[in-house]
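What would the 3D arrangement of this be:
(one chain, ligands or ions: 1)
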Amino acid sequence: MNYYSLNKKAPNTTFKNAVIKGLAPDKGLYFPESITPLPEDFFKNIDNLSNIEIAFAAIKQFVSPEIPEDVLKTIVEETLSFDFPVIQLNENVSTLELFHGPTMAFKDVGARFMARCLGYFNKDNTNEVTVLVATSGDTGGAVANGFLGVKGVNVVILYPSGKVSDIQEKQLTTLGQNITALEVDGVFDDCQDMVKRAFLDEELTSKMQLTSANSINVARWLPQLFYFMFAYKQLHNSHKNIVFSVPSGNFGNICAGMMAQQLGLPIRKFIASNNKNNVVTNYLKTEEYTPKPSIQTISNAMDVGNPSNFIRIQEIYKNNFADLKDNLSSFSFSDEETKEALAHIYKTYNYVADPHGAVGYLGCKEYLKKNKDVHCVFLETAHSTKFLDVVEEVIKEKQPLPEQIQEVMYKTKVATKIGSYNELKSYLLNN
Ligand SMILES: *Cc1c(COP(=O)(O)O)cnc(C)c1O
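Below you'll find the model as predicted:
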């Protein structure tokens, strides 16, 4: 598959190149040249397919021929070595649990897939690649874990000081080896801006091969379409008219869901559930897209003021506002509402959600007020113990720490503080 730049001022390129470069030379995000729907039979027979078979069939067109089929099979198997269960809360609402991977957030899948693609592309190469990534919380841990020990790849993670949870910080600062953490005096948008600036800095890019592992990278973004198929497989026999409520920040996950729909997955509608960082909610109301500085909330992985993947969503709907609105609703919720939802879900269903999942649940509830004939699946994008402070305060009970989390809690944080782009640059040039 070849990819074009959404800024349309750079040559089309291969999957391999798109992964290694991250962003096109004209600063545009890459998008696949074509999307061929899967045969109808695929969805009819989905009960007979394993997760690995589903994922392999769904992603193949986007990565071939550069990733040969036998290699792809191994990559998919290694990426998906855990479960993606759907838990039904009531007749109209289920949750899709995406937190059973090593860092307990959904980003494990994209990070593991991308790390393995890059490892394959780099196998005979003596030139090192530096993965530069900004995180609002979970990306850092997932990327650190996914890329740990991958030959020829160094990972540099930028995170906003004091604005990620303790567990998230431990996950991205304690691994060592080829993983380095930079603690930025600023908010997530500052981290993201520095990363974007580095990619455009010719002095840097002439000296090193930089790539990104944010959802702007096609190998991080596209595998997220698997989740929606796994949920469909579990639900389609008992429920028609499935809608997904996706707690959204950079809009990579929901945009991948829309790609699954383009492949033919029968999804009735998407709901972008936002915290108070609500550029997209406002856009759907007013047709005006106005990025804003990000606001800190208790669902911090969604504290994004200018979602980088929204332009891909525009492309899917060919910039047609009416078509987009047909397929996408969006609601925004405050921290207070999120906490109330957490408490309510616990009291009513004895289910412990995390703040992001709770925002997704609220999106379902809001949508169901006017649409009774659907089954709404909200994505539980992280495990509740990753946000221990908030969750324990709200449900007023101690939470046991899962094994994956215990492992990192007692390790020592190693991070270098930086405050400006120039400090990032000199760090990259001198290390
Ligand atoms: C990253 C993240 C999100 C937001 O996902 P996007 O693809 O950026 O929209 C939501 N919840 C959690 C827990 C996350 O880590």
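
Spatially nearest residue to residue 254 (excluding sequence neighbours)?
Nearest residue to residue 254, sequence neighbours excluded (C-beta to C-beta, 6 or more residues apart in numbering): residue 246, at 4.0 Å. Using the backbone N, CA and C atoms, a C-beta is placed for each residue, glycine as well.

next one: residue 283
Excluding its sequence neighbours, the residue lying closest to residue 283 (C-beta to C-beta, 6+ apart) is residue 289, at 4.8 Å.

picking that back up, determine the three-state secondary structure at the residue nearest to residue 254.
The local conformation at residue 246, judged by DSSP: H, G, I helix; E, B strand; the rest coil, is strand.

Any idea what it is bridged to?
Assessed by DSSP bridges, residue 246 has beta-bridge partners residue 272.

Does it touch residue 272 like I think?
Yes: at 6.2 Å, residue 246 counts as touching residue 272 under the criterion of C-beta atoms under 8 Å.

Of the two, give the one with the bigger neighbour count.
residue 246 (33 against 28; other C-beta atoms under 10 Å).

Show the contacting residues for the more buried one.
For residue 246, the contacting residues are 253, 254, 257, 270, 271, 272, 273, 360, 363, 378, 379, by C-beta atoms under 8 Å, 6 or more residues apart in numbering.

In JSON lines, list those residues along with distance to residue 201 and secondary structure.
As requested, the contacts of residue 246 are arranged in JSON lines below (distance: C-beta to C-beta, whole Å; DSSP: H, G, I helix; E, B strand; the rest coil):
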{"residue": "253", "distance to residue 201": "29", "secondary structure": "helix"}
{"residue": "254", "distance to residue 201": "31", "secondary structure": "helix"}
{"residue": "257", "distance to residue 201": "34", "secondary structure": "helix"}
{"residue": "270", "distance to residue 201": "36", "secondary structure": "strand"}
{"residue": "271", "distance to residue 201": "38", "secondary structure": "strand"}
{"residue": "272", "distance to residue 201": "33", "secondary structure": "strand"}
{"residue": "273", "distance to residue 201": "36", "secondary structure": "strand"}
{"residue": "360", "distance to residue 201": "37", "secondary structure": "helix"}
{"residue": "363", "distance to residue 201": "39", "secondary structure": "helix"}
{"residue": "378", "distance to residue 201": "40", "secondary structure": "strand"}
{"residue": "379", "distance to residue 201": "35", "secondary structure": "strand"}
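
show me which of those residues neighbour the ligand.
Among the contacts of residue 246, proximity to the ligand is found for residue 253 (C-beta under 6 Å from any ligand atom).

of the contacts of residue 246, closest to the ligand?
Using C-beta to the nearest ligand atom, residue 253 comes nearest to the ligand of those, at 3.5 Å.

can you give me the strands for the stretch 251-400 of the chain?
Taking DSSP state E, counting those that start in this stretch as the criterion, the stretch 251-400 of the chain carries its strands at 269-274, 328-332, 375-380.

Tell me if I'm right that residue 163 and residue 294 touch.
No: the pair residue 163 / residue 294 is not scored as a contact, 9.5 Å apart, by C-beta under 8 Å.

who touches both of these two?
Common neighbours of residue 163 and residue 294, using C-beta under 8 Å, 6+ apart, are 187, 188, 303.

nearest to the ligand, of those?
residue 303 (9.6 Å).

Next to the ligand, which bits of the protein? Give me the list.
Counting by C-beta under 6 Å from any ligand atom, the residues of the chain close to the ligand are 105, 107, 137-138, 215, 247-253, 301-302, 356, 381-382.

which residues touch residue 302?
So residue 302 contacts 136, 247, 248, 249, 274, 275, 277, 356, 359 (C-beta under 8 Å, 6+ apart).

quick one: contacts of the lengthiest strand in the chain?
In the chain, assigned by DSSP state E, the strand with the most residues is strand 153-160. Residues external to strand 153-160 that are found in contact with it (C-beta under 8 Å, 6+ apart): 115, 118-119, 122, 128-137, 140, 143-144, 147, 168-169, 172, 178-184, 186-188, 190-191, 194-195, 213, 418, 424, 427-428.

Please enumerate the helices of the stretch 51-200 of the chain.
Using DSSP state H, counting those that start in this stretch, the helices of the stretch 51-200 of the chain run over 51-63, 69-79, 107-121, 138-147, 166-173, 188-199.

Quick check: which helices or strands does the first one pack against?
Counting contacts by 3 or more C-beta pairs under 8 Å, 6 or more residues apart in numbering; DSSP states H and E, helix 51-63 packs against helix 69-79, helix 225-235.

Alright, I will stop here.
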